[in-house]
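> Based on what follows, work out the 3D shape:
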Amino acid sequence: MCEVVLVSSARTSLVRTTKGRQRAGVLACLGLLLLPLFVTAQVAPVPRRIRRADCGFQLDLPAGWTATISALNSKRCGLAVTRPHQIERIELWVLNADFERGTQDLGFEKENDQWVLQGEGSAPATAFETPHWVALKGSVATRIYGRKGYVGLGDQSRVLLFDRKGRIAEITGYVDLEHLMELIEGFEFTDATSH
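Next up, the predicted model:
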C-alpha cells in the first residue's frame, strides 16, 4: 500500500510504503511521487525579454525559445534564435538602412504591383503593417550550403520589418513562415544608444 502526503506545495511529496510490499507497489509510489513534477512542467513559462539597447531593439522570446547574441559588424546587430526541441536557427539582424536596402538584401521585388520573393525561382510575398513598422513576408526555395558545400534545396522563410525611420530588421530561417511570425510578435524597435 502507498500513502502520498502533500506537504505545503504541489512540488513536495512524502511517500510512505508499508513493509513487505511488492516492487510494483514501490514503482507505483515512485510514479505518484514524480507526478507533481510533470504537472509543474506543463505550466507555460513566462517569455524572456532580450534587450539590445546598443542595437535599438528588444524581443520577448516565446516560451521555451533560446537566443544567442551575435554581431557581424558595427552596422548590424543580431540574434540566432532556436525554437524548443529544434536545431534550425532563425536569424534576426537589425541594421540602419532603408526599406529599399532591406528588400534588396532579402530578395523582395515588385512585379506588376505585386511583391514577390526571389530565390531558386520566385514566390508570392505579402506586405503588411502595424503601427510600428511596415513589413514584407514570404517563403521561397533556396540553395542550402553546409560545411562541406552544397546540400540541396530548402524553403527559406523571410520577413523584413522597416520602422519608417531608417532601421530595418531582417528575419530569416529554414522554418515555416508561421514561426517567424510568432517570433516577431514580441519584437520592438527601441531608441538605439550607440547606433
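
> Was I right to think Leu95 contacts Phe162?
No: between Leu95 and Phe162 there is no contact under CB atoms under 8 Å: 11.1 Å. Where you see a C-beta, it was placed from the backbone N, CA and C, and this is true even at glycine.

> Give me the common contacts of the two.
Common contact partners of Leu95 and Phe162 (CB atoms under 8 Å, 6 or more residues apart in numbering): Ile168.

> How is the protein partitioned into domains?
Under the assignment automatic domain parsing, the domains of the chain span 2-41, 48-189.

> now, of those domains, which is deepest in the fold?
Stretch with highest mean neighbour count among these: domain 48-189 (a mean of 16; mean count of other CB atoms under 10 Å).

> Check the average confidence over it, would you?
Averaged over domain 48-189, pLDDT sits at 92.

> Which strand residues bridge the closest residue in space to Ala125 that isn't next to it in sequence?
With sequence-adjacent residues excluded and distances taken as CB to CB, 6 or more residues apart in numbering, Ala125 is closest to Gly138, at 3.5 Å. Here Gly138 sits in beta bridges with Arg158, going by DSSP bridges.

> again, but for Thr66
Thr82.

> ok, it touching Val81?
Yes: in terms of CB under 8 Å, Thr66 counts as a neighbour of Val81; the distance is 7.2 Å.

> Can I get stretch 181-195 as PDB, trimmed to CA atoms?
C-alpha atoms of stretch 181-195 as PDB (Å, rounded to 0.1, in the frame of the first residue of the first chain):
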ATOM      1  CA  MET A 181       5.600  35.500 -37.400                       C
ATOM      2  CA  GLU A 182       5.400  34.100 -33.900                       C
ATOM      3  CA  LEU A 183       8.900  35.500 -33.200                       C
ATOM      4  CA  ILE A 184       8.100  39.000 -34.500                       C
ATOM      5  CA  GLU A 185       5.000  39.300 -32.200                       C
ATOM      6  CA  GLY A 186       7.500  40.000 -29.400                       C
ATOM      7  CA  PHE A 187       9.800  42.300 -31.500                       C
ATOM      8  CA  GLU A 188      10.000  46.000 -31.000                       C
ATOM      9  CA  PHE A 189      12.400  48.700 -32.300                       C
ATOM     10  CA  THR A 190      13.700  50.900 -29.500                       C
ATOM     11  CA  ASP A 191      15.900  54.000 -29.400                       C
ATOM     12  CA  ALA A 192      19.500  52.900 -30.000                       C
ATOM     13  CA  THR A 193      22.000  54.100 -27.600                       C
ATOM     14  CA  SER A 194      25.100  53.900 -29.800                       C
ATOM     15  CA  HIS A 195      23.900  53.400 -33.400                       C
END
